[in-house]
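Visitor: what would the 3D arrangement of this be:
(2 chains)
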Amino acid sequence: MLRMSTLFLRTLRDDPADAEVPSHRLLVRAGYIRRIAAGVYSWLPLGVITLRNIENIVRQEMDKAGFQEVHFPALLPKDAYEQTGRWSDYGPDLFRLQDRKGADYLLGPTHEEMFTLMVKGEYSSYKDLPLSLYQIQTKYRDEARPRSGIIRGREFVMKDSYSFDLTDEGLVESYQRHRKAYIATFDRLRLKYNIVSAVSGAMGGSASEEFLAPCETGEDTYVLCEKCGYAANVEAMTTVVAPTDASATPALEVFDSPNTPTIDTLVDLLNAKFGGGYDGAQTLKNVMLMADEKAISVLVPGDREVDLKRLQANLAGVNDLRVFEEADFAKFPGLVKGYIGPQDAKKNGITVYADPRIAPGTSWVTGANAKDKHARFVVSGRDFAIDHYIEAAQIRKGDACPTCATPVVIDRAIEIGHIFQLGRKYAQALNLTVLDQNGKSQVVTMGSYGIGVSRAVAAIAEQSYDEIGLSWPVEVAPAKVHLVATGKEDNVFDTAEKIALDLEARGISVMLDDRRGTSPGVKFKDAELIGIPVIVVVGKALENGNVEIRVRKSGEKSEIAVTGAVDAIAALLPTLP
RNA sequence: CGGGGCGUAGCGUAGUGGCUAGCGCGCCUGCUUUGGGAGCAGGAGAUCGGGAGUUCGAAUCUCCCCGCCCCGACCA
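Guide: Predicted coordinates for the structure are as follows:
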């Protein structure tokens, strides 16, 4: 039983000055967490209990799925990370340190290497697979910008799992088992979430999916079709456009277009010259970029920008991507700035990528590769060739859903889970092999799966708070019942104490506000701020032999006889989220 | 890393060259009060983020450093 009279807790009347997002503000005010450094927080008793409750739900669901818990240190020698290249690839996000002998160590940002080596150390036969292991552990990433309190910290608690299989089919099966376990976990946490494709499936499969909890303060943007349920990270959103019949389109026509440096000015000139009907969507923008020092052009409709994040995500194998600079234009004299068209790309030695909207047969207005000249009736596939189609155009609300063509909505969310078919990258690098049925050595294939446990505390808070405070789901709350004793009569406190003991005897955890001399208003405000789902008040109603039961989330109040209170509370709890 | 803002008691804040750094919350003592962050009286609590400088005099002006928050870049 938690007793307010002795609980290590001080709630704050004012919002902390350094907290903006609701979860951060309220978790600090209600005495769950305190900031230690940027992105580093300590947990007070209420916070620890809440975090543990979430951890236990995660643990139970992982165990139920047949995954086994192990535990690694956070402090790791660099060897394994050097073998996989991540000692350098991870860059400044990795916390590095040295021991007294000068040997390099790191604080683990994620543990693929360690799990791979652990399995390598114990297993060597296909008969031992499939295998899934997990841990719940503190991770360290020296984020460039920690933010939003506990949502993006530099130290955070994560559940990470790894699956090990002999075959690709086995991996898909393990992946599906994790997916199911994640659904069960997040449902129990009472989180609203969408499962979103994270990488455009080059293989057509669901190689990677994110669990996103929608909320205003989320830092991930995703696309959702409210009709068919299609959901994708913005990077993974696809565009479906059918080819057009261009047989009736007139031949390419070059025209004078002085002083049209922008799409807007070009559209104005088109409408003046050709009697209206033109808008930016009919023009073709040629964006020149350097991809690992190779010139590429990306074609998008003139009313859209190139989304560099999407482009990068979909340009496999390119590390360094940047827009053309003056010096780059100097190297390509065939490119007339402001009047570039794809017609001469081949001649200029430029690889052409295009948004799917530039489908074969579509007709465009674009640069004529000559100063002050544009061309219209420039037809894709007839007047210029596209080397590769790519998803790189910026996504907008109302774009067509790729599966049912309904206009999509764009929403923000917190990433609470990520499941990922890793493949053989780590197993290969660290030489994790098993013997197959024929006695032949085979590299194992892996999946990796993460749940942000401490982040889930914030995500749940973000989805359930209101103006007066937090409001936890029953299973997550630091106690199920917040029992408030108000008044100065011993009778009130004795009755509250008895109810509390009876509840605890029934396995219902209780926080008892047994503070003497604290005014009722303070106790009510604290109870509402802390957010335990059921508030029971022992006070004025006791004159009639009653107590008051309040549901924190709905605000519903009812009175019930003291004698039936414990039964009533026990019956009420299962009906609450 | 680029841009913006901020740093005064546990928390929220006032104080733009002048006297002993002010107020609210919280905390301690006493009395009163007990259904919506009570009242009165008394009290404790501050390296004014740090350092250097200007000045008769610096929380206040200058320089350097540190830290925090927000936007962006970045983020298995």
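Visitor: strands of the stretch 1-150 of chain A, residue ranges please.
Guide: Here the stretch 1-150 of chain A has its strands, by DSSP state E, counting those that start in this stretch, at A:2-3, A:33-37, A:40-43, A:68-69, A:75-77, A:95-98, A:104-107, A:131-140.
Visitor: what residues does the stretch 101-250 of chain A put near RNA strand B?
Guide: Where proximity means C-beta under 7 Å from any atom of the strand, the interface of the stretch 101-250 of chain A facing RNA strand B comprises A:109-110, A:141, A:143-149, A:152, A:158, A:219. C-beta here means a position set from N, CA and C on the backbone, and glycine is covered the same way.
Visitor: filter the residues you listed to the buried ones?
Guide: Burial by neighbour count, judged by 16 or more other C-beta atoms under 10 Å, picks out A:109, A:110, A:141, A:143, A:146, A:148, A:149, A:152, A:158 from those.
Visitor: circling back to that earlier point, could the residues of the stretch 101-250 of chain A next to RNA strand B be laid out in TSV, adding pLDDT?
Guide: Supplementary listing: these in TSV, determined by pLDDT from 0 to 100:
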residue	pLDDT
A:109	95
A:110	93
A:141	95
A:143	92
A:144	89
A:145	91
A:146	93
A:147	91
A:148	94
A:149	94
A:152	94
A:158	97
A:219	87
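Visitor: let me know the closest of the residues you listed to residue A:335.
Guide: Using C-beta to C-beta, residue A:144 is the member of these that sits closest to residue A:335, with 34.4 Å.
Visitor: surely that closest one and residue A:38 touch.
Guide: No: shown here, residue A:144 and residue A:38 do not form a contact pair, counting by C-beta atoms under 8 Å, at 10.8 Å.
Visitor: most tightly packed of the strands of the stretch 1-150 of chain A?
Guide: Sort these by mean neighbour count, taking mean count of other C-beta atoms under 10 Å, and strand A:131-140 sits at the top with a mean of 19.
Visitor: state the mean pLDDT of that strand.
Guide: Throughout strand A:131-140, pLDDT has a mean value of 97.
Visitor: and that strand, which strands flank it?
Guide: Partner strands and pairing direction for strand A:131-140 (DSSP bridges) are strand A:68-69 (parallel), strand A:155-165 (antiparallel).
Visitor: only alpha carbons, please: show that strand as CSV.
Guide: Provided in CSV are the C-alpha atoms of strand A:131-140 (Å, rounded to 0.1, in the frame of the first residue of the first chain):
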residue,chain,number,x,y,z
LEU,A,131,15.0,-19.1,-31.3
SER,A,132,13.9,-15.7,-30.0
LEU,A,133,15.6,-13.9,-27.1
TYR,A,134,14.8,-10.6,-25.6
GLN,A,135,15.9,-8.2,-22.8
ILE,A,136,14.5,-5.2,-21.1
GLN,A,137,17.4,-2.8,-20.7
THR,A,138,18.7,0.7,-20.5
LYS,A,139,20.0,2.0,-23.8
TYR,A,140,22.3,5.0,-24.5
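Visitor: quick one: it to chain centroid distance?
Guide: In terms of C-alpha atoms, centre = their mean, to the nearest Å, the centre of strand A:131-140 is found 18 Å from the chain centre.
Visitor: what comes into contact with that strand?
Guide: Residues from elsewhere that reach strand A:131-140 (C-beta atoms under 8 Å, 6 or more residues apart in numbering): A:55, A:58-59, A:62, A:65-72, A:74, A:95, A:107-111, A:115, A:118-119, A:123, A:154-164, A:174, A:177-178, A:449, A:453.
Visitor: now list the buried members of the residues you listed.
Guide: Of the contacts of strand A:131-140, these count as buried by 16+ other C-beta under 10 Å: A:55, A:58-59, A:62, A:65, A:67, A:72, A:95, A:107-111, A:115, A:118-119, A:123, A:154-164, A:174, A:177-178, A:449, A:453.
Visitor: show the end-to-end separation of stretch A:68-84, please.
Guide: End-to-end distance of stretch A:68-84: 25 Å, with C-alpha to C-alpha, to the nearest Å as the criterion.
Visitor: what does that stretch rub up against?
Guide: Taking C-beta under 8 Å, 6+ apart as the criterion, the residues outside stretch A:68-84 that touch it are A:59, A:62-63, A:87, A:90, A:96, A:103-108, A:111-118, A:131-140, A:425-426, A:429-430.
Visitor: before we move on, the earlier item: so which of the buried ones among the residues of the stretch 101-250 of chain A next to RNA strand B comes closest to RNA strand B?
Guide: residue A:110 (4.1 Å; C-beta to the nearest atom of the strand).
Visitor: show me which pair in the residues of the stretch 101-250 of chain A next to RNA strand B is furthest apart.
Guide: Using C-beta to C-beta, the pair of those lying farthest apart is A:110 and A:149, separated by 21.6 Å.
Visitor: sketch out the low-pLDDT regions of the stretch 201-350 of chain A for me.
Guide: For the stretch 201-350 of chain A, residues meeting the criterion pLDDT under 70 lie at A:201-206, A:317.
Visitor: which residue ranges form the helices in it?
Guide: A:263-274, A:308-314, A:326-331, A:345-348 (DSSP state H, counting those that start in this stretch).
Visitor: please save the CA atoms from the last one in CSV.
Guide: Spelled out, that is helix A:345-348. Listed next in CSV are the C-alpha coordinates belonging to helix A:345-348 (Å, rounded to 0.1, in the frame of the first residue of the first chain):
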residue,chain,number,x,y,z
ALA,A,345,19.5,14.1,-69.9
LYS,A,346,21.2,11.2,-71.7
LYS,A,347,23.3,13.5,-73.8
ASN,A,348,24.4,15.3,-70.6
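Visitor: any idea how far that helix is from the chain center?
Guide: Per C-alpha atoms, centre = their mean, the displacement of helix A:345-348 from the mean C-alpha position of its chain is 41 Å.
Visitor: just the buried residues of that helix, please?
Guide: Using 16+ other C-beta under 10 Å, the residues of helix A:345-348 that count as buried are residue A:345.
Visitor: what about the next helix or strand after that helix, average pLDDT?
Guide: Helices and strands here follow DSSP states H and E; after helix A:345-348, the next one along the chain is strand A:351-354. With pLDDT averaged residue by residue, strand A:351-354 scores 92.
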